[in-house]
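>>> Got a predicted structure here, sequence first:
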Amino acid sequence: MEAGVASWVSWVCVIAYLVLGPFVGMLISGIDRKVTARMQGRVGPPILQPWYDVKKLFSKDKSAVNNVIDLYVATALGMAVVAGALFFAGGNLLIVIFLMSLSSVFVVVSAYSARSPYSDAGAQRENLTVMAYEPIMLLLPVAMYLITGSFNVDSTIVQDLPLIVGAPLFFLAYLFVMPAKLRKSPFDLSTSHHAHQELVKGLTTDMSGHTLAIMEIMDWYEVVLIYGIVGMFLVTSAWWSWILAIVVMVVCFLLEALVDNTFARVKWKVTLATSWVVTLVFCALNMAFLYFL
Amino acid sequence: MSSTGKSPWIVHYDGSSCNGCDIEVLAATTPLYDVERFGVVNTGNPKHADILLITGSVNEQNVPVVKQIYEQMMEPKVVIACGACACSGGIFRDCYNTLGGADVVVPVDVYAPGCAIRPETIIDAVVKGIEILEQKRKALKNKTLVEPDVSRMQSARDKVVDGQTVAEIASNSTLE
């Protein structure tokens, strides 16, 4: 690897992500539910609630609306896991982003395959959500290349200055679309972690038992990757930058919870318009800055 | 208690209730009672739910809906009749269009009384339902889960409505 990180470190990171990733993701979503409850003046569920949920879902009777939905959802999980593993190995960010998109596509296809009105509407809305956040996700590697001269994630680790110094507006734009990636308010129009929305459960309406459990596990893996990208903006060759990265991740997590609890769900037009305007303005400005200064 | 008991997801269906019990069901899910402490989520989706809360009596119009919701739920599942009407038909029992309580169509596991039912009673009923859910999960695992039936309600199912018995209406009606 040209960026100079020993390959065994990459392997350790990959194995740590594969093994610990879902547990960390599960804890993050458990803490998220707890924080949300506290913000609403409730006691809230135990931190391990997502674990109980998934265990219960696996113990339910096996049933699926068709023969392929499990395959699609499992493929989506596989893509998400490979994307995360590649990211934590310090691999090519472009490929990480493409694999994440492919994972979303498989989720959409699985919802379409159920052929029910609620799943269909959820899938269409997920398509629109993907369209909303994809431009910024695709521009992230470009910004990275302009700064580090490489598409590899581990090229940030050997820098003296963190990515956020060169790409502060990219960071803000990424923060803006993070609720869409995490399927949180205000951009949780395809499906929501909150109970009882207008489309029943949108995307996941026709997934039951183990199919839904696999979706949850995919969410755990993805959450770690999404916050990992936040950390990517902060890490440098200095050891304390890792602590800084974790602090910023925690701040972003609390901010996300606050936004989730204070904003109502917006319509798809607003989702698309605001995220594209933010992407266009912030990223164009930042890009111009990187080119000409 | 295993995970099944720690994460009971509910779906609520309003049969032909006067809305008194429905408001109390929703009241039980507000921050005041905070049922999410026990992992309860009001999913609104039968395919995700473990516990079906039925309020109001069953009439000719909603028989297929109640059946469909029950059939879409995956085992192990529990049905809770919330309020007097869902338990027995309540004051509407002898109406010309009322078939009876929820138990003439789907097998009810827990009867929660009250007119209107109190949120505390609903929480008690859900806790009782969790015990049954737990037994059913074990039975499912050991492959000894028997399909519950509504035959014990035979006397109520013999009631004649519109020239047909309740049992006939319940078995013949479909959504399509």
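Noted; the coordinates are in hand.

>>> quick one: the residue most central in space within chain A and B:G163, what's the gap?
What sits nearest the mean C-alpha location of chain A, by Cα atoms, centre = their mean, is A:I226, with 3.9 Å. Between A:I226 and B:G163 the computed distance is 61 Å (Cβ to Cβ, to the nearest Å). Quick note: C-beta positions are derived from backbone N, CA and C, even for glycine.

>>> returning to what we had before: the residue nearest to the centre of chain A: what's it in contact with?
Applying Cβ atoms under 8 Å, 6 or more residues apart in numbering or on different chains, we find A:I226 in contact with A:178, A:181-182.

>>> and it, what are its phi and psi?
Main-chain dihedrals, A:I226, degrees, to the nearest 10: phi -60, psi -40.

>>> B:Y13 too?
Dihedral pair for B:Y13: phi -120, psi 130, per degrees, to the nearest 10.

>>> Surely A:S185 is in a strand?
No: counting by DSSP: H, G, I helix; E, B strand; the rest coil, one finds A:S185 to be coil, located in no strand.

>>> what sits against the residue in the stretch 1-150 of chain A that chain B sits nearest to?
With Cβ to the nearest Cβ as the measure, A:K55 is the residue of the stretch 1-150 of chain A nearest to chain B, at 3.6 Å. Neighbouring residues of A:K55 by Cβ under 8 Å, 6+ apart: B:2-3, B:7.

>>> In terms of helices and strands, where is it?
helix A:49-59 (DSSP states H and E).

>>> ok so, going back, quickly note the distance from the residue nearest to the centre of chain A to A:S190.
Counting by Cβ to Cβ, the gap from A:I226 to A:S190 is 16 Å.

>>> hmm, back to that, would you quantify the distance from the residue of the stretch 1-150 of chain A closest to chain B to B:V78?
Counting by Cβ to Cβ, the separation of A:K55 from B:V78 is 18 Å.

>>> What is the neighbour count of A:V270?
If you count neighbours by other Cβ atoms under 10 Å in any protein chain shown, A:V270 ends up with 14.

>>> That one in helix, strand or coil?
Of the three states, A:V270 takes helix under three-state DSSP.

>>> so B:H48 sits in a strand?
No: under three-state DSSP, B:H48 falls outside any strand and is assigned coil.

>>> For it, give me the pLDDT.
For B:H48, the pLDDT comes out at 88.

>>> again with the one 4 residues further on
Predicted confidence (pLDDT) at B:L52: the value is 93.

>>> where does it fall, phi/psi-wise?
Main-chain torsions, B:L52, degrees, to the nearest 10: phi -100, psi 120.

>>> Where does pLDDT dip in chain A?
Scanning chain A for pLDDT under 70 picks out A:1-6, A:194-197.

>>> At which residues are the helices of it located?
Ranges of helices in chain A, per DSSP state H, are A:7-39, A:49-59, A:69-88, A:93-113, A:117-148, A:163-166, A:168-182, A:210-232, A:240-262, A:268-278, A:284-292.

>>> buried set for the second one?
Just to be clear, that refers to helix A:49-59. Of the residues in helix A:49-59, those with enough neighbours to count as buried (16 or more other Cβ atoms under 10 Å in any protein chain shown) are A:49-57, A:59.

>>> ditto for the longest one
By 16+ other Cβ under 10 Å, the buried positions in helix A:7-39 come out as A:10, A:13-14, A:17, A:21-22, A:24-37.

>>> Enumerate every residue touching the closest residue to A:L290 other than its chain neighbours.
Leaving aside its sequence neighbours, A:L290 sits nearest to A:L146 (Cβ to Cβ, 6 or more residues apart in numbering or on different chains; 4.5 Å). A:L146 is in contact with A:166, A:287, A:290-291, counting by Cβ under 8 Å, 6+ apart.

>>> do B:S16 as well
Residues in contact with B:S16, defined by Cβ under 8 Å, 6+ apart, are B:56-59, B:61-62, B:85, B:92, B:98.

>>> any idea how far the residue nearest to it when sequence neighbours are not counted lies from B:V65?
Leaving aside its chain neighbours, B:S16 sits nearest to B:G56 (4.6 Å; criterion: Cβ to Cβ, 6+ apart). Using Cβ to Cβ, we find B:G56 at a distance of 12 Å from B:V65.
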